[in-house]
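> Fold the following.
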Amino acid sequence: MCAEKKDQKPGYIWSLLHHKCARCRAGNMFQTKNAYRLKYLLKMYDKCPVCDQRMEIEVGFYYGTGYVSYALTVAFSVTTFVAWWVLIGMSVHDNRFFWWLGLNITLLVMLQPFLMRLSRAIWLSFFVRYNANWQAEKENTSAPEL
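Here you go, the predicted structure:
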């Protein structure tokens, strides 16, 4: 039973939400697990502690995460708007829209550290694919040639 679990491919969404390495989906991307320790918010390992995948492929690699973060915040805002509209309703005769806006802004500010890390994990997964055979490839490249 343990062999089945070991051979099972880690889930893509799970590895993104837990900020795991895109190549092995086992090693942590960030040095601290808590996104709300703001001093260490974006402190990443240079290489994955499990498979040695470089976390910053090139200088300025993570500048593109702004686009991912923007898409995440828009998706979150649309979701909260639809949920508010269905559960509470919208009207031009009162200020329910402004209550939603205030709640949405508050939630986005509170979620921002997590969203910043998530956008980095998503961005890295665009460029580095999961490789179930990373251990065999690592052994082949590290073996000395005769």
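
> what about R117, neighbour count?
Residues lying near R117 (other C-beta atoms under 10 Å) number 20. Every residue, glycine included, has its C-beta placed from N, CA and C.

> The strand or helix carrying it: which residues count as buried?
Following DSSP states H and E, one finds R117 within helix 96-127. Within helix 96-127, the residues that count as buried by 16 or more other C-beta atoms under 10 Å are 100, 104, 113, 115-125.

> For these, work out which two are farthest apart.
Using C-beta to C-beta, the buried residues of helix 96-127 span at most 33.0 Å, a distance reached by W100 and L124.

> now N131: how far from C21?
10 Å (C-beta to C-beta, to the nearest Å).

> and the residue lying closest to L17 once chain neighbours are set aside, what does it touch?
Of all residues not flanking L17 in the chain, L118 sits nearest, at 7.1 Å (C-beta to C-beta, 6 or more residues apart in numbering). With contacts taken as C-beta atoms under 8 Å, 6 or more residues apart in numbering, L118 has the following neighbours: L16, L17, H19, L72.

> about what we covered before: quick check: mean pLDDT of the helix holding R117?
Averaged across helix 96-127, pLDDT comes to 93.

> What score does Y130 have for pLDDT?
Here the pLDDT value assigned to Y130 is 86.

> again, but for the one 4 residues further on
The confidence metric pLDDT takes the value 74 at W134.

> Would you mind confirming that it makes contact with C24?
Yes. At 5.4 Å, W134 and C24 qualify as touching, with contact defined as C-beta atoms under 8 Å.

> Report the set of residues contacting both of these two.
Any residue near both W134 and C24 by C-beta under 8 Å, 6+ apart counts here, and that gives C51, Q53.

> Isn't T32 up against Y40?
Yes. T32 lies in contact with Y40 (C-beta under 8 Å); the separation is 4.5 Å.

> Could I get the buried residues of helix 96-127 in TSV, plus columns for distance to Y12?
Conversion of the buried residues of helix 96-127 to TSV gives the following (distance: C-beta to C-beta, whole Å):
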residue	distance to Y12
W100	31
N104	27
P113	22
L115	18
M116	20
R117	16
L118	13
S119	15
R120	15
A121	10
I122	10
W123	14
L124	12
S125	7
